[in-house]
Structures are given as C-alpha cells and as structure tokens.
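Engineer: following is a predicted model, sequence given first.
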Amino acid sequence: MRILVVEDDLQIADLLTEALTNRQYTVDTAQDGAIGWDWLETLEYDLVVLDLTLPKLSGIELCQKLRDHNISTPVLMLTARDTVSDKIVGLDAGADAYIVKPFDLEELMAQIRALLRRGSATMKPKLYWGSLCLDPSTYDVTYSEQPLSLTPKEYALLELLVTNGRRVLSRPGIIDRLWSLDESPTEEAVKTHIRTLRHKLRAAGTPGDLIETVHGLGYRMRQVE
C-alpha cells in the first residue's frame, strides 16, 4: 500500500517514513501542501497523513481540495492544536481521523491500520499460487508450509507478482509500484530482488523457478498445475 506523508517538520516526517517503511508500506513525503497536491494528482494513494499547518497550502485547504475533486482517499490529520474547535474544522474539511502532537507512535500506527481497513471493503484474503501462500495480514510466506524469510521489499515484490499472476509486469512498472518517489532505484535493483526471491523460493522447495522472465517485457508467475 502507498501512503503520502505531508509534513513540514523533517524530524516527524523522517520518523513516520521509517516506521511505515518498516511495516511494508511504500511512503512518499511532501514538505508543503502544494507539493502534496502535486503528488495526489500524479499518483494513487491508499492513505494521506496530513499536518494541519503547512506552507503554501494548509492541511485544511489541501483536505478540502481533495474532497472537492471527489478524491475519497482516507486522511489522517496531525496537529499541535488540541482544541475541540480545531478538530471540528479538520473533520468538517474531510479528514477521517485526527491525532494531536506529540503522539504515541503505536497509537498512530493503529489509527493508520484502522483507516486502511475502512478504505477496503474487506480484509485481504490469503494469496495462493500452487503451494505458495502469502498472508497479507501478517506478511508471512510459506511454500508447502515451509516458511520463507523475506525482506519487506521482497515480500512486496512477491505479493505484486502473485496478485497479477500471469500478467507481465515490466521493471519500470514494478519500480513505480514498490519504490517511493524519494528513492531512485535502477532496473538492476529489480533484477537483484527477483534473483534473491528465486533463490529463497528454491531453497524452500519449489521445483524450478516460480517467477518467469518474459524476455524484453518483464516478469510474471510461472503456470503451475
């Protein structure tokens, strides 16, 4: 899932980026409301974490702009103002939840999980590809009940491939889906992750490569019986 953090306090932005990335989310950051709006017009996000007081375009104005353009992405608003009137203004602007700084990180993460669940019709079911099983709720991966130890990026890549099945995914397309705008991975990075994934899958007992290279196009899951 992709989350946009719009926060001009670099320390808080870095804290949120690290915490969310460690939990397998793809995170983009913007330091003012105008840049935040540019990202929202360019990419599709599952959640926006939005500071109330921002340069150029305030959190209230950005949230109103989102709703005026019929963008229903959940918004979690952060603010240092702990008054009822400020909360009402934020919620009336279209925010879905409101947390006051300084916040407890685990409480914030729980709010984010709740908003992401609310934004989905149902919790993600387990994904299967033959004897391969991925559990999006726990990020556990097994092959014939043999667990695989994957890094967050490896898990995200494997989930993307399994979700798309026989559809070919290009390396640039994979980069767009799994890396944030602040990162600058090369296509070689995708090849390296694919190579590591194949090695770990074979070590877990897969017969041959479950990930198929379609030369000149990209990757897809290999057909299984």
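Structural biologist: Good, I have the coordinates. Numbers count the residues shown, from 1 in each chain.
Engineer: now for the chain, the helix or strand with the poorest mean pLDDT.
Structural biologist: helix 84-92 (a mean of 70; mean pLDDT, DSSP states H and E).
Engineer: now name the helix or strand holding Glu44.
Structural biologist: For Glu44, there is no host helix or strand (DSSP states H and E).
Engineer: dump stretch 99-110 to PDB, keeping only the CA atoms.
Structural biologist: Taking Å, rounded to 0.1, in the frame of the first residue of the first chain, the C-alpha atoms of stretch 99-110 are listed here in PDB:
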ATOM      1  CA  ILE A  99      -4.300  12.900  16.200                       C
ATOM      2  CA  VAL A 100      -2.700  15.500  18.400                       C
ATOM      3  CA  LYS A 101       1.100  16.000  18.500                       C
ATOM      4  CA  PRO A 102       3.100  14.800  20.300                       C
ATOM      5  CA  PHE A 103       1.600  11.500  19.500                       C
ATOM      6  CA  ASP A 104       2.300   7.900  20.600                       C
ATOM      7  CA  LEU A 105       3.700   6.100  17.500                       C
ATOM      8  CA  GLU A 106       1.900   2.800  18.100                       C
ATOM      9  CA  GLU A 107      -1.400   4.600  18.500                       C
ATOM     10  CA  LEU A 108      -0.800   6.400  15.300                       C
ATOM     11  CA  MET A 109       0.000   3.100  13.500                       C
ATOM     12  CA  ALA A 110      -3.200   1.600  14.900                       C
END
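Engineer: relative to the whole chain's centre, how far out is that stretch?
Structural biologist: Here stretch 99-110 is found 19 Å from its chain centre; the criterion is C-alpha atoms, centre = their mean, to the nearest Å.
Engineer: please apply the same query to stretch 30-45.
Structural biologist: For stretch 30-45, the gap between its own C-alpha mean and the chain's C-alpha mean amounts to 15 Å (C-alpha atoms, centre = their mean).
Engineer: that one - what's its average pLDDT?
Structural biologist: The pLDDT scores in stretch 30-45 average 89.
Engineer: use 860 as the first number from now on
Structural biologist: Right, with 860 as the first residue, what we last looked at is stretch 889-904.
Engineer: domains in the protein, by residue range?
Structural biologist: 861-978, 986-1080 (automatic domain parsing).
Engineer: worst mean pLDDT among these?
Structural biologist: Lowest mean pLDDT within the domains of the chain: domain 861-978, at a mean of 86.
Engineer: what about the longest helix in this structure?
Structural biologist: Longest helix in the chain, counting residues (DSSP state H): helix 1046-1062.
Engineer: now find how far off-centre whichever helix or strand comes after it is within its chain.
Structural biologist: The helix or strand immediately downstream of helix 1046-1062 is strand 1070-1073, counting by DSSP H and E. Averaging C-alpha positions (C-alpha atoms, centre = their mean) puts strand 1070-1073 24 Å from its chain's average.
Engineer: and strand 1070-1073, which strands flank it?
Structural biologist: Partners of strand 1070-1073 in the sheet, by DSSP bridges, are strand 1077-1080 (antiparallel).
Engineer: can you tell me what sits against the partner strand?
Structural biologist: The contact list for strand 1077-1080 (C-beta atoms under 8 Å, 6 or more residues apart in numbering) reads 988, 1020-1021, 1023-1030, 1032-1033, 1053, 1069-1073. Just so you know, the C-beta spots here come from the backbone N, C-alpha and C atoms, and that holds for glycine as well.
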